[in-house]
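1. Here is the input, now give the coordinates:
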Amino acid sequence: MRTDAHPAVARAPGAREISRGIAAGDEAAFEAFYRDWFEECFEMARALTRRDEAFCLDVVQESMLRAARRMRPMASREQLAAWMRRVVHRCALDRFRSERRRAVREQRSGTGEPALHETDERIEWLRAELERLGPPERSILMLRFGGGRSAASIAAASGVSPGAVKGKLRRLIERLRERAEEND
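-> Below you'll find the predicted structure:
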């Protein structure tokens, strides 16, 4: 019997192959993932948010970008589905928070915005507080907020773990917040 009489039917890649490919940066794997998961992620976003199509498409777009950046190999479709539910959920929450912050900014720009001299005083106060910090602490804050660097990037440059950088940033911000409350 001839084995080449019937061409082999291409098998669709499973969750393991797709997730490994994406984790390795394979664009073809991501394209296959996007095709296979777009509708499901859109339905997740729609069910979670109960918002319009444009909002849900934005959530799905951000979810897919996060998946491309953060995917790790998954053992099964169920594991991949659970991970994607968390990603879509987090992206939806981030989108809600972003909208809320934008609404607050817009509201402030109408009537609640502090006077220009108050803003200048706040900036001067912050400069003085930053000068009170030691050089390593000031450097971390400046890299993160002045330079837009991620905690992982700062950690790699300073030779510590990203978790240590995040903890230090959190403590520094809390300390500045407490001083600001004392100053008001």
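
2. From here on, just use CA atoms for contacts and neighbour counts.
-> Fine.

3. residues of the helix or strand hosting Val87 that come out buried?
-> In the assignment (DSSP states H and E), Val87 maps to helix 77-107. Of the residues in helix 77-107, 80-81, 83-85, 87-89, 91-92, 95 count as buried by neighbour count, 16 or more other CA atoms under 10 Å.

4. So what's the gap between that helix and the chain middle?
-> 9 Å (CA atoms, centre = their mean, to the nearest Å).

5. how many neighbours does the residue lying closest to Val87 once chain neighbours are set aside have?
-> Spatial nearest neighbour of Val87, excluding adjacent residues (CA to CA, 6 or more residues apart in numbering): Ser63 at 5.9 Å. Using other CA atoms under 10 Å, the number of residues around Ser63 comes to 25.

6. just Ala54 next, same as before
-> Applying other CA under 10 Å, we find 9 residues neighbouring Ala54.

7. how far away is Glu78 from Arg16?
-> Shown here: Glu78 relative to Arg16, a distance of 11 Å by CA to CA, to the nearest Å.

8. what does Asp58 give?
-> Using CA to CA, Asp58 is found at 27 Å from Arg16.

9. Give the buried residues for the helix or strand bottoming out on mean pLDDT in the chain.
-> The weakest-scoring helix or strand in the chain, judged by mean pLDDT, DSSP states H and E, is helix 116-132 (a mean of 78). For helix 116-132, burial by neighbour count (16+ other CA under 10 Å) applies to Leu130.

10. For the helix holding Val87, enumerate the helices and strands it packs against.
-> Other helices and strands packing on helix 77-107, by 3 or more CA pairs under 8 Å, 6 or more residues apart in numbering; DSSP states H and E, are helix 15-23, helix 27-49, helix 53-70.

11. what about the first one, distance to the chain center?
-> Put plainly, it is helix 15-23. How far helix 15-23 lies from its chain's middle: 21 Å, per CA atoms, centre = their mean.

12. All set, thanks.
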